[in-house]
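**Q** Below is the sequence, then the predicted model.
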Amino acid sequence: MVNRITRVLAVSALLCAPKLFCPPTAPFKGAIEITSVSQFNDLYNSDKPIIAMYTATWCGPCKATKPHFKKLAETTPEVNFCIIDIDKTALSSITSGIRGVPTFKLSHKGTVVSRTSGQQSATQLKKLVTDFKAKLPKN
């Protein structure tokens, strides 16, 4: 009986306080797949600039652009990159105003700085990010 109680308490402690027993994880690196409005709002209103790629699984230009977007996300840690599938999320508050895919919205502190649509090459995406970072206020 005592062993069973001890095991229940140990499992409860692990479930209730995972930060005490789990090693810290490394900061996220790469593009973030958006699955909820709250997740999007947290990123959108943060101090870190955000580049959102609105996409769809059936979209050929999206399929061609997404690998370049993901690779750029891995090499640009000062900007949050997120991918929003307009069919999977179907979150009207996030996808409102999107008339075609792929569409890229570049935002900082809750304000859209620029927007562009259409298939992008790796070079075009790099230029988009460079121009975006140049428009941001310096710390």
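**A** Perfect, thanks for sending it. Numbers count the residues shown, from 1 in each chain.
**Q** separation between Arg115 and Gln124?
**A** The gap separating Arg115 from Gln124 is 14 Å, by Cβ to Cβ, to the nearest Å. Backbone N, C-alpha and C define where each C-beta goes, glycine included.
**Q** Kindly report the same for Leu106.
**A** Here Leu106 is placed at a distance of 13 Å from Gln124 (Cβ to Cβ).
**Q** So between those two, which is more surrounded?
**A** Leu106 (21 against 14; other Cβ atoms under 10 Å).
**Q** can you pull up the bridge partners for the more buried one?
**A** Legend: beta-bridge partners of Leu106 under DSSP bridges are Ile51, Ser114.
**Q** how about it, what does it touch?
**A** Listed by Cβ atoms under 8 Å, 6 or more residues apart in numbering, the contact set of Leu106 reads 49-52, 112-115, 128, 132.
**Q** Need the buried ones from these selected in PyMOL.
**A** Listed next is the PyMOL selection for buried residues among the contacts of Leu106, using 16 or more other Cβ atoms under 10 Å:
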select buried, resi 49+50+51+52+113+128+132
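**Q** Mind putting the contacts of Leu106 into CSV with pLDDT and distance to Leu72?
**A** Output for those, formatted as CSV (pLDDT from 0 to 100; distance: Cβ to Cβ, whole Å):
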residue, pLDDT, distance to Leu72
Pro49, 94, 13
Ile50, 94, 13
Ile51, 95, 9
Ala52, 94, 13
Val112, 89, 19
Val113, 90, 17
Ser114, 91, 16
Arg115, 93, 17
Leu128, 95, 9
Phe132, 93, 11
